[in-house]
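# Any chance you can model this:
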Amino acid sequence: MDIDTFQVRAILPLIALLPSVAVADYEEPSYEVVGSTDAYELRRYDGYVVAETTVTGNFDDAGNVAFRRLAGYIFGDNSDGAEMNMTAPVESRPADVGVEMAMTVPVTSVEAAADSYVYAFVMERRYTIETLPRPNDARITLREVSARTMAVRRFSGFWSERNYERNEAILLSALTTDSVRIVGEPLFARYNGPLTPWFLRRNEVMIEVDRTSP
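Residues are numbered from 1 along each chain as shown. Okay, the predicted model is just below:
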C-alpha cells in the first residue's frame, strides 16, 4: 500500500485528542456475530446513541475539524460540564446520505453541501438520549441509532478515500453475489487513535442489510 503523505499530515493534529491505546480499551456498541464469509461479517447490533456533527471538506481532511468539535463535547463542553470516555468506533458518512432523524436533540435542519461529511462519536452504553448532557455547540446533535443488522468488512491501513473505496467495492460486490439485500448506506468506522501504525489499524466499512438475510 502506498503511504499517502496527506494522510500523515492530516492525522498529526489529532494526536492530542485521541489517545493511542489498544482498541480493547474502548467501549463499543453491543453486537452479535450471526454469519461470516471471507469478504465480510454479519452483525446484529443493539441500539445506541451517537453525538454527530456535519463538516465541510474533502474525504481525507474533514475529520480534523469534526474530531476536535466532538472531542470538545465529550471532554466537558456540554450542559453538565461532564467528561465522558472515548469509545469506538468513530463513524463517518457523506452528508447527503439520509438517516432517520426522528430522535435528535436538538432538532436541527442541516443542508448538505458538496464535500460535506457527518462524523459521529458513539456514546457510552450507560447513557440514553435523555440522560446525556446537551452539547453547548449547536453544530452537534444527539441521535438514537436503532437496532440493526450490519454487513461489515474489516481492513487495515490509512484512512484514505482510496483505501476506503477499495474495500467498500469489495463488500458491495460480495453482498450482491450472496443475494444479501442492502437497506442502508455505507459507513466508515475507525477504531484506533492516530498514533496506531497504519498496518495495525482496525478500519471497517459497514452497511445495513435486511435482518432476514441468510
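# roughly how far apart are the residue nearest the centre of the chain and residue 52?
Central residue of the chain (CA atoms, centre = their mean): residue 91, 0.7 Å from the mean position. According to CB to CB, to the nearest Å, residue 91 stands 8 Å off from residue 52. For every residue, glycine as well, the C-beta is placed using N, CA and C.
# The chain: strands as residue ranges?
Under the criterion DSSP state E, the chain carries strands at the ranges 31-36, 41-45, 48-56, 90-94, 104-105, 116-122, 140-145, 148-155, 187-190, 203-209.
# The residue lying closest to residue 146 once chain neighbours are set aside: how many residues sit nearby?
Nearest non-adjacent residue to residue 146, counting by CB to CB, 6 or more residues apart in numbering: residue 47, 5.3 Å away. Residues contacting residue 47 under the criterion other CB atoms under 10 Å number 12.
# got it, and residue 171?
Residue 171 has 21 neighbouring residues, counting by other CB under 10 Å.
# For the remainder of this discussion, apply numbering that starts at 47.
That works, and once the first residue is 47, the last one we named lands at residue 217.
# if I pick it, what's in contact with it?
85-86, 197, 199, 232, 251, 253 (CB atoms under 8 Å, 6 or more residues apart in numbering).
# what residues are up against residue 98?
116, 137, 164-167, 186-189.
# Quick check: chain neighbours aside, which residue is closest to it?
Leaving aside its chain neighbours, residue 98 sits nearest to residue 166 (3.8 Å; criterion: CB to CB, 6+ apart).
# Can you point out the buried residues in stretch 198-211?
Within stretch 198-211, the residues scored as buried using 16 or more other CB atoms under 10 Å are 198-199, 201-206, 209-210.
# Go through the residues you listed and name the one nearest residue 123.
The nearest member of these to residue 123, counting by CB to CB, is residue 205 at 24.5 Å.
# The closest one and residue 231: what is the separation?
Relative to residue 231, residue 205 is positioned 19 Å away (CB to CB).
# Which of the strands of the chain has the lowest mean pLDDT?
Mean pLDDT values for those show the minimum at strand 150-151, a mean of 38.
# Determine the residues that are contacts of both of residue 137 and residue 98.
165-166.
# Could I get the buried residues of stretch 198-211 in TSV, plus columns for distance to residue 108?
Shown next, in TSV, are the buried residues of stretch 198-211 (distance: CB to CB, whole Å):
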residue	distance to residue 108
198	22
199	22
201	20
202	21
203	18
204	15
205	11
206	13
209	16
210	13
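# And these, which is closest to residue 132?
residue 205 (16.7 Å).
# what about residue 129, how many residues close to it?
Using other CB under 10 Å, residue 129 has 9 neighbouring residues.
# my guess is it contacts residue 122, does it?
Yes: using CB atoms under 8 Å, residue 129 is in contact with residue 122, at 5.2 Å.
# picking that back up, ok, the residue nearest to residue 98 touching residue 136?
Yes: contact status for residue 166 versus residue 136: in contact at 7.2 Å, counting by CB under 8 Å.
# quick one on the thing from earlier: in JSON lines: the strands of the chain, plus distance to residue 178.
Converted to JSON lines, those look like this (distance: least, CB to CB, whole Å):
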{"stretch": "strand 77-82", "distance to residue 178": "21"}
{"stretch": "strand 87-91", "distance to residue 178": "19"}
{"stretch": "strand 94-102", "distance to residue 178": "7"}
{"stretch": "strand 136-140", "distance to residue 178": "17"}
{"stretch": "strand 150-151", "distance to residue 178": "8"}
{"stretch": "strand 162-168", "distance to residue 178": "11"}
{"stretch": "strand 186-191", "distance to residue 178": "6"}
{"stretch": "strand 194-201", "distance to residue 178": "20"}
{"stretch": "strand 233-236", "distance to residue 178": "21"}
{"stretch": "strand 249-255", "distance to residue 178": "23"}
